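1. Here is a sequence together with a model predicted from it:
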Amino acid sequence: MPIPIYLVLGVILLSLQTSLLQAMPAWLGKPDLLFLLIVFLAYRLDLLRGALVVFLLGVILDIYAGIFLGLYPVIYLLVFFTLKGLFKFVAVNETAYQAPVTAASYLLAAGGIYLFSSILGADSRPEWVWGPILLQLLLLAILTMPFFGIFDFFWNRLGNKKIQWQLFRKKGNRFRYR
């Protein structure tokens, strides 16, 4: 699947995440849908294209809700490369492992955001509260299967086909004398 499709899908998920899902009550949780896409990209895309898409999605999230400039791209790239290394050496590409790997990688990302935020902003130290983090882990574990199914649908429908530029093609033999 071309990189722009992943970027558009990421922007749609980010818009949904930052607008509609923020209106949900706090006890219900606010799932991080963009993180699900990043984990899916680590499952499916090769290293170079995946890193490019993850970096661009991290920059877009940094523009939307960044605390420190460049924090989300660095954390998302760290998670992406960690998952790529894990998938290379350990056979966790099966469906049964997707939810636990997603939850564990979110815990890694939340820990990285907390660590870098406390180092970069020594004046305003962020709080580490287990309640919302565990709720987020549970939400991501529950939403992994349906969203990976949606992402697989896009992968199968758009990923294997080459885009044909029919509008730019000339009809017939263009070298024939008229």
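-> Yep, it's here. As the structure is a computational prediction, the values presented were derived from the model and not from experiment.

2. For V92, which non-adjacent residue is closest in space?
-> With Cβ to Cβ, 6 or more residues apart in numbering as the criterion, V92 has its nearest non-adjacent residue at 5.7 Å, and that residue is V101. Where C-beta positions appear, they are placed from N, C-alpha and C, glycine not excepted.

3. Report the contact partners of that neighbour.
-> Contacts here follow Cβ atoms under 8 Å, 6 or more residues apart in numbering; on that basis V101 touches 39, 83, 86, 92.

4. Show me what the longest helix along the chain packs onto, helices and strands only.
-> If you go by DSSP state H, the chain has its longest helix at helix 130-158. In terms of contacts (3 or more Cβ pairs under 8 Å, 6 or more residues apart in numbering; DSSP states H and E), helix 130-158 is packed against helix 3-18, helix 33-44, helix 98-120.

5. From L9, how far out is the residue positioned nearest the centre of the chain?
-> Computing the C-alpha centroid of the chain and ranking residues by Cα atoms, centre = their mean puts I38 first, at 2.2 Å. According to Cβ to Cβ, to the nearest Å, I38 stands 11 Å off from L9.

6. looking at the helices and strands packed on helix 130-158, which is buried most?
-> Sort the helices and strands packed on helix 130-158 by mean neighbour count, taking mean count of other Cβ atoms under 10 Å, and helix 33-44 sits at the top with a mean of 23.

7. for this structure, which spans come out with low pLDDT?
-> Low-confidence segments of the chain (pLDDT under 70): 1, 93, 122, 125, 159-178.

8. May I see the buried residues of stretch 59-76?
-> Buried residues in stretch 59-76, counted by 16 or more other Cβ atoms under 10 Å: 59-62, 71-76.

9. ok, and what's touching stretch 148-162?
-> Contacts for stretch 148-162 (Cβ under 8 Å, 6+ apart): 1-2, 5, 9, 36-37, 40, 43-44, 95, 98.

10. switch to 10 Å and redo it
-> With contacts defined as Cβ atoms under 10 Å, 6 or more residues apart in numbering, stretch 148-162 is touched by 1-2, 5-6, 9, 13, 36-37, 39-41, 43-45, 95, 98-99, 102.
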